[in-house]
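Peer 1: need a 3D model of the following:
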Amino acid sequence: MAWTGQILRVNLTAGTCVAEPLNREWAALYLGQRGLATKYLAAEIDPKIDALSPANKLIMATGPLTGTMASTGGRYSVITKSPLTGAIACSNSGGFIGNEIKMAGWDMIIFEGKSPKPVYLYLENEKAELHDASHLWGKSAWDTDHHLHNEYQDPLLRIACVGRSAEQGCLYAGVINDLHRAAGRSGVGTVMASKNLKAVAVRGTKGVGNVRDMKAFMQATNAAKAVLSGNPVTGEGLPKLGTQVLMNVINEVGAMPTRNMREVQFEGSNRISAEAMLVPRESDGKPNLVTNAACFGCTIACGRISTIDPKHYTIVNRPQYMGANGGLEYEAAWALGSDTGVDDLDALTFANFICNEDGFDPISFGSTVAAAMELYEIGAITLATTGGIEMKFGSAEALTKAAELVAKGEGFGRDLGLGSKRLCEKYGHPDLSMTVKGQEFPAYDPRGIQGMGLAYATSNRGACHLRGYTVSSEILGVPVKTDPLTTDGKPELVKAFQDATAAVDSSGLCVFTTFAWTLEDIAPQVDAACVGGWTPEKMLEMGERIWNLERKFNIDAGLTAADDTLPKRLLKDAAKTGPAKGKVNELHKMLPHYYEIRGWTADGVPTPDTLNRLSV
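Peer 2: Now for the predicted structure:
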């Protein structure tokens, strides 16, 4: 059945860890991970609660294919109510802790309440214990990981933890696992820290069994791996260049958000691209990129491992940053680079290291710094506000200083830790925040990719590329090529991507597989592993069910159709260069039809018929 059939409920207030059976009826409707954990969360909390109150819950959830031989079957998600957006939060991570949770015999862990003191969960198969973490509080994610590995003397112990940024209340802090993998968006780490939960350390030796039909599963997974290997994106582009392969591509098509999204092309993109990461440095003859890396069970290996120029100002006399660590992915390189106007590759890598070390989202951080730079440029904030930092576009020093301040929650870093929405509101210019529902934009300007504008506006967790990645179709031609500059057919395209992605996110697989796979490749793997007769059609319907459940949660939390919008800049200020020159995003042409095909009212509310049809 691929599910272990067990969940662990950890009451932090009472200090108890109790096993209980998985709700099989819900699993049949929502499969696992994103979908199933959202169902648990929606059933167990009032959506109107304060996200940082003890009444909120935090769920770490695997999918049925997590820990199996399916390619990329190492994913897990952290689900909660977001303190950044007030909406549903589901942040997905790779690395190795997802499969470790599964191999310890658990489908998910539900944390509830708040511990009276800092604690961490130690989980070894059936053994679940809460331990004092007072000695870890105030330490970075890297130091916490190092300390726990030293304490248990087990190199195979897998650790997910929060850094100092989460402890200090940064609203976009994530949960770091395996040093540089992250459930990074929407402030899930902030919720974890608010519960005085510092870390989860897991060791599983049970393996993953219960596969419904092992012979069929092996056939399906082997066939799917061949598809990945033979695809130019998953078999060549991502292993060699990582997601950074997109930097020059997106810049060329005029969809590279630049200097707080005032522009759509960045003149320095070639200096921070995947290709630039391969160029040997003058100082030591070595490139920024050391090697690629794979998460558990992954045959793509898109991860980047990098080093910083030993003579770069950020690491002189700082040996802790001289080694190899998680390098720049495209989204981080864009947010830390193009959006701030900084084209210093080593400065970007350093800022990314700091995001890894202390556990905060580089997308939200870079976008918030960009907003601060524009506020500084117009005089809304001054040197007195920033503690002496000249927050000028293009300043590598401003970027790297800001990263260290956010990590420690000091000085102007506390303002930056609010996110760009609250920062811009505080200093009187809310329109300078490039956010949807309070979450910062990813690296695709919706003036140059129209479908992404609709995907951002309607995303259930705020601005996000991974809820409906129409870039695949509009730019890369996967699975079919559509025109990025028109709105024709985009409501249907966005809905299809959103529903399919929700299904993938609930399986335990990585969404990057969908550069090569469709549900025709994924459904046979799920069906061979799980009872229930999982066809592509059933998977897609499940994705639609999840999307509507998330939407209902958000409506119950107080969000409305008024939140399905984009910043005025993207709706009013036309692109100045590139193929989209003269265009704004035409959301108004797409949104009403999107609501219609979703089976929602004109106010964006799922109708009773839609909820009944989907058994939400």
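Peer 1: which residues does residue 573 contact?
Peer 2: Residues in contact with residue 573 (C-beta atoms under 8 Å, 6 or more residues apart in numbering) are 262, 584. Using the backbone N, CA and C atoms, a C-beta is placed for each residue, glycine as well.
Peer 1: and if we set it to 10 Å?
Peer 2: 261, 262, 447, 567, 584 (C-beta atoms under 10 Å, 6 or more residues apart in numbering).
Peer 1: okay, now the domains of this structure?
Peer 2: The chain breaks down by automatic domain parsing into domains covering 6-203, 258-433, 446-613.
Peer 1: buried deepest among these, which one?
Peer 2: domain 6-203 (a mean of 23; mean count of other C-beta atoms under 10 Å).
Peer 1: any idea how far the longest helix along the chain is from the chain center?
Peer 2: The longest helix of the chain (DSSP state H) is helix 536-557. The chain centre lies 19 Å from the centre of helix 536-557; the measure is C-alpha atoms, centre = their mean, to the nearest Å.
Peer 1: same check, this time on stretch 386-395
Peer 2: Distance, centroid of stretch 386-395 to centroid of chain: 28 Å (C-alpha atoms, centre = their mean).
Peer 1: what's it in contact with?
Peer 2: By C-beta under 10 Å, 6+ apart, the list of residues contacting stretch 386-395 reads 258-260, 262, 268, 339-344, 347, 369-377, 381-383, 385, 397-399, 401-402, 405, 410-413, 415-416.
Peer 1: how about the contacts made by the nearest residue to residue 87 once chain neighbours are set aside?
Peer 2: Nearest non-adjacent residue to residue 87, counting by C-beta to C-beta, 6 or more residues apart in numbering: residue 554, 4.8 Å away. Counting by C-beta under 10 Å, 6+ apart, residue 554 makes contact with 47, 81, 85-88, 437, 460-462, 560, 563, 604.
Peer 1: and which of those residues is nearest to residue 363?
Peer 2: Using C-beta to C-beta, residue 462 is the member of the contacts of residue 554 that lies nearest residue 363, at 10.9 Å.
Peer 1: what secondary structure does the closest one sit in?
Peer 2: coil (DSSP: H, G, I helix; E, B strand; the rest coil).
Peer 1: make 27 the starting number, not 1.
Peer 2: New numbering, starting at 27: the last item is residue 488.
Peer 1: wait, it touches residue 117, no?
Peer 2: No - using C-beta atoms under 10 Å, residue 488 makes no contact with residue 117, being 11.5 Å away.
Peer 1: find residues that contact each of the two.
Peer 2: In terms of C-beta under 10 Å, 6+ apart, residue 488 and residue 117 are both contacted by the residues 108, 211, 212.
Peer 1: let's have these in a markdown table, adding pLDDT and distance to residue 31.
Peer 2: Converted to a markdown table, the shared contacts of residue 488 and residue 117 look like this (pLDDT from 0 to 100; distance: C-beta to C-beta, whole Å):
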| residue | pLDDT | distance to residue 31 |
| --- | --- | --- |
| 108 | 98 | 29 |
| 211 | 98 | 30 |
| 212 | 98 | 29 |
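Peer 1: so which of those comes closest to residue 262?
Peer 2: residue 211 (28.0 Å).
Peer 1: and the closest residue in space to the closest one that isn't next to it in sequence, what are its phi and psi?
Peer 2: Counting by C-beta to C-beta, 6+ apart, residue 211 lies nearest to residue 117, which is 4.9 Å off, once chain neighbours are set aside. Main-chain torsions, residue 117, degrees, to the nearest 10: phi -120, psi 130.
Peer 1: hmm, back to that, return the subset of the contacts of residue 580 lying in strands.
Peer 2: Mapping those onto strands (DSSP state E) picks out 107, 114.
Peer 1: noted, bye for now.
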